[in-house]
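Undergrad: Show me the folded form of this:
(4 chains)
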There are 4 protein chains.
Amino acid sequence: MEGRRLEAFSDGVFAVAITLLVFNLAVPGPGHEPLGAQLASHWPAFAAYVVSFLTIGIIWVNHHALFQGFSRVDRVLLFLNLLLLFFIVSIPFATTTLASYLKDGGPDAALAAAIYEAVFLGMSLAFGALFWWSIRREHLKMPLTGTQARVALIRFAGGNVVYAAAIGVAFLSAPASLLISALLAVYYMFDHTPAQEPEADGGRQP
Amino acid sequence: MEGRRLEAFSDGVFAVAITLLVFNLAVPGPGHEPLGAQLASHWPAFAAYVVSFLTIGIIWVNHHALFQGFSRVDRVLLFLNLLLLFFIVSIPFATTTLASYLKDGGPDAALAAAIYEAVFLGMSLAFGALFWWSIRREHLKMPLTGTQARVALIRFAGGNVVYAAAIGVAFLSAPASLLISALLAVYYMFDHTPAQEPEADGGRQP
Amino acid sequence: MEGRRLEAFSDGVFAVAITLLVFNLAVPGPGHEPLGAQLASHWPAFAAYVVSFLTIGIIWVNHHALFQGFSRVDRVLLFLNLLLLFFIVSIPFATTTLASYLKDGGPDAALAAAIYEAVFLGMSLAFGALFWWSIRREHLKMPLTGTQARVALIRFAGGNVVYAAAIGVAFLSAPASLLISALLAVYYMFDHTPAQEPEADGGRQP
Amino acid sequence: MEGRRLEAFSDGVFAVAITLLVFNLAVPGPGHEPLGAQLASHWPAFAAYVVSFLTIGIIWVNHHALFQGFSRVDRVLLFLNLLLLFFIVSIPFATTTLASYLKDGGPDAALAAAIYEAVFLGMSLAFGALFWWSIRREHLKMPLTGTQARVALIRFAGGNVVYAAAIGVAFLSAPASLLISALLAVYYMFDHTPAQEPEADGGRQP
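TA: Next comes the predicted model:
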């Protein structure tokens, strides 16, 4: 039960951050254009909402899978987890900013998209650090083989490279960089690290 | 304990979403009409608040009942659950939009009501998918008999048909469509699926 | 573990509602009066914040104590609990409205204070119903003696009478009615029902 | 399991309060200065966000460590914990106010910084009271030796003296007082009380 409260606090932060994304959707309301036109011109908010929701949801699934394999939690892990939560909490801000500027194009849209991808990169680096610390200090109930660990770390590195590339792409096209993070989220839905296997199979097989 | 964190994260999202509904109630405050008149003209916000609160509350009760019967959780269930939460998180937005437009009548009120009912339909379809996946892949501790499963799936289909009908009704009368979702919530309070039986009886009978 | 998720969901709602009270405190900020003057003229927000925080905190303590004694949870309890949460979620709205109008005096302040006390009365009635249902249907691990149950019900009735009286007082003086609910909260801090005894003693004595 | 719900409710409040800090970051958006200039002139919000996030995160880590050592929870502890949460819930307000005024300098910035540090002092005093009550009434599973308890209480007193000094410094320089609380947070990251030892080592050594 070592990690129970770390999980409870993290679940709370994930749950609040993912739900606060909804404020992003608010339209101006009566007294402006027809509602249909408001919603149509508000598409960047809906697109950014879906990508951010999916990204937080997936990082939660992975967090769940990683901590399920933990046998103990030390102070360094608590603070690496806090670093991860720092980026999670920043996502609603980055989402709102991107949604406000996406249609404008120009340098402001590029900057907003670069910040959005940078927050995801920070989140991804913090998650990789959690994973790396967990295998290095043998916090896992079932240690990974050298090959499993290498495969997992290569995958984390791959995700980080894609987010870093998306920061660069932001300065060419903000919508393209949003699309990259959407595709990465979908990829992570269908692929997962060896550390996550036990969870995916229910961890109950003999 | 497989589903413990899925439940904790879901409970967090349900709790935040149901509590954020309160922002809907805020009145303009001093410097406008008398408070009584503000509250009276604000009735759509209170009506939509009650219906959304009850609907989220009931879906939580059903979620609680469904997962109590689960013996294991797989990756598909995690993502079906995330889909359900996507619609739950969208409810405060749909509620605010409906409350803003309900009194205006006209095509904007119809569109707002249709979105409101569409979010409920999405929620209901995602819940049905969770249930269907759970009986198909034998995640339940006590498998349902064929008859029980059929009865439950017919009931889910019934709810979906009513929400779909409410989308249509929205274009005739927005208040009527809100009333339909209120009545459906009340119906679900008093009726419940076989899968929920063990929970309702405390699951302790010999 | 029957009531675990009911507790988790309720704790989430209590936690979000008590934390949302903070939005009440926001002052206009730079470009207006000096900050000290803004804070001074903002005293109703601080007063209402403290009373609402304490009231939600105490009802949480009592909820915690009541459910600790439960041996099982039925569907009626789930919905009585949902009714309690309905009033909890409404408290931030009632608090903001009271804080906005308290200084104005006149009929608007009276109405705002009456709504505030009515929400507390609803909360108190819902809590009493939870308690009454729990002893009537023998959900408690250690049934109360007839005397204990009578004492507890008299105390609940007493709280309800005071809140009902505060609604009346609101129409004479809004600040006086706020003071009554503050005093009732302080009274409940120092007094507690027999059902809460096991919790207060840690429930570990032989 | 005595303290389970106290922890769950506290975790919820910590999680919501730390996540609400994000509202502090919102920039005016399109139609104003270029986004880069908006973000640059918004630095006090980012600085205050980081310090508040870290402070709430560390007090959570310490809360986690303290309660892990508890063998039982009494009513006084519940209310001391509620006092701690009162200050935690106030942090987003104090953070927003400080961020709004920090750049203005003058008496308003001083007052905003003094309030910010006073909320941290209140939080620190409430945490110290929780600790003091826990060792005095023997709530800990492993009682501290007299020396350990003295060392821990001296450290708490030290933190309180620094926060009190930061209130004074606020009237000389608001940024300097923010820096002091940042340094104190970093210091607390690397140092911790004897009561926290079992948690830091995973509590699994023989």
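Undergrad: Poorly predicted segments of chain A, please.
TA: Counting by pLDDT under 70, the ranges of chain A that qualify are A:1-2, A:137-141, A:191-206.
Undergrad: For the helix ranked longest in it, name the packing helices and strands.
TA: The longest helix of chain A (DSSP state H) is helix A:106-136. With contacts defined as 3 or more CB pairs under 8 Å, 6 or more residues apart in numbering or on different chains; DSSP states H and E, the packing partners of helix A:106-136 are helix A:43-68, helix A:75-101, helix A:146-170, helix A:174-190, helix D:35-41. C-beta: built from backbone N, CA, C; applies to glycine.
Undergrad: Put together CSV for these, with distance to chain C on each row.
TA: Below are the helices and strands packed on helix A:106-136 laid out as CSV (distance: least, CB to the nearest CB, whole Å):
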stretch, distance to chain C
helix A:43-68, 16
helix A:75-101, 14
helix A:146-170, 31
helix A:174-190, 26
helix D:35-41, 12
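Undergrad: In JSON lines: these, plus mean neighbour count and distance to residue C:135.
TA: Rendered in JSON lines, the data for those read as follows (neighbours: other CB atoms under 10 Å in any protein chain shown; distance: least, CB to CB, whole Å):
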{"stretch": "helix A:43-68", "mean neighbour count": "22", "distance to residue C:135": "39"}
{"stretch": "helix A:75-101", "mean neighbour count": "23", "distance to residue C:135": "42"}
{"stretch": "helix A:146-170", "mean neighbour count": "16", "distance to residue C:135": "54"}
{"stretch": "helix A:174-190", "mean neighbour count": "18", "distance to residue C:135": "49"}
{"stretch": "helix D:35-41", "mean neighbour count": "15", "distance to residue C:135": "59"}
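Undergrad: To chain B, which of those helices lies closest?
TA: helix A:43-68 (4.4 Å; CB to the nearest CB).
Undergrad: what's the spacing between that closest one and its chain's center?
TA: 5 Å (CA atoms, centre = their mean, to the nearest Å).
Undergrad: same deal with stretch A:20-30?
TA: The answer for stretch A:20-30 is 22 Å, by CA atoms, centre = their mean.
Undergrad: what does stretch A:13-26 give?
TA: 13 Å.
Undergrad: Do it and chain B come into contact?
TA: Yes: for stretch A:13-26 and chain B, the contact criterion (CB under 8 Å from any CB of the partner chain) is met by A:14, A:15, A:16, A:18, A:19, A:20, A:21, A:22, A:25, A:26.
Undergrad: right, is that stretch up against chain D?
TA: Yes: using CB under 8 Å from any CB, stretch A:13-26 reaches chain D at A:13, A:15, A:16, A:17, A:20.
Undergrad: The second one: neighbour count?
TA: Put plainly, it is residue A:15. Neighbour count of residue A:15, defined by other CB atoms under 10 Å in any protein chain shown: 30.
Undergrad: Make sure I have this right: it is in a helix.
TA: Yes: counting by DSSP: H, G, I helix; E, B strand; the rest coil, residue A:15 falls inside a helix.
Undergrad: Who are the contact partners of it?
TA: B:9, B:11, B:12, B:13, B:15, B:16, C:12, D:15 (CB atoms under 8 Å, 6 or more residues apart in numbering or on different chains).
Undergrad: again, only using 7 Å
TA: Neighbouring residues of residue A:15 by CB atoms under 7 Å, 6 or more residues apart in numbering or on different chains: B:9, B:12, B:13, B:16.
Undergrad: Which residue does chain A have closest to chain D?
TA: For chain A, CB to the nearest CB, closest residue to chain D: residue A:12, 2.8 Å.
Undergrad: Closest residue of chain A to chain B?
TA: residue A:15 (2.8 Å).
Undergrad: Distance of that residue relative to residue A:56?
TA: 9 Å (CB to CB, to the nearest Å).
Undergrad: So which of the contacts of residue A:15 is the closest to chain A?
TA: residue B:12 (2.8 Å).
Undergrad: for that closest one, what are its contacts?
TA: With CB under 7 Å, 6+ apart, residue B:12 has these contacts: A:11, A:12, A:15, C:12.
Undergrad: from these, which is closest to residue C:67?
TA: Nearest to residue C:67 among the contacts of residue B:12 is residue C:12, at 14.3 Å by CB to CB.
Undergrad: Tell me the residues of chain A that contact chain D?
TA: Contact residues (CB under 7 Å from any CB of the partner chain) of chain A with chain D: A:2, A:5, A:8-9, A:12-13, A:16-17, A:20, A:72-75, A:78-79, A:82, A:86, A:89-90, A:92-93, A:96-97, A:100-101, A:104, A:107-108, A:111-112.
Undergrad: How about the secondary structure of the residue lying farthest from the centre of chain A?
TA: Within chain A, the residue lying farthest from the chain centre (CA atoms, centre = their mean) is residue A:31, at 36.6 Å. What three-state DSSP gives for residue A:31 is coil.
Undergrad: Pull up the distance across stretch A:67-77, start to finish.
TA: Counting by CA to CA, to the nearest Å, you get 11 Å between the two ends of stretch A:67-77.
Undergrad: Establish whether it and chain B are in contact.
TA: No: under the criterion of CB under 7 Å from any CB, chain B is not reached by stretch A:67-77; the shortest gap measures 7.7 Å.
Undergrad: ok now that stretch, how far from the chain's centre?
TA: 20 Å.
Undergrad: Close to chain B: what parts of chain A are there?
TA: A:7-8, A:11-12, A:14-16, A:18-19, A:21-22, A:25-27, A:29-30, A:34-36, A:53, A:57, A:60-61, A:64, A:189, A:200, A:202-204.
Undergrad: now with 6 Å?
TA: By CB under 6 Å from any CB of the partner chain, the residues of chain A that approach chain B are A:7, A:11-12, A:15-16, A:19, A:22, A:25, A:29-30, A:34-36, A:53, A:57, A:61, A:64, A:200, A:202, A:204.
Undergrad: circling back: can you tell me the closest non-neighbouring residue to the residue of chain A closest to chain B?
TA: residue B:12 (2.8 Å; CB to CB, 6 or more residues apart in numbering or on different chains).
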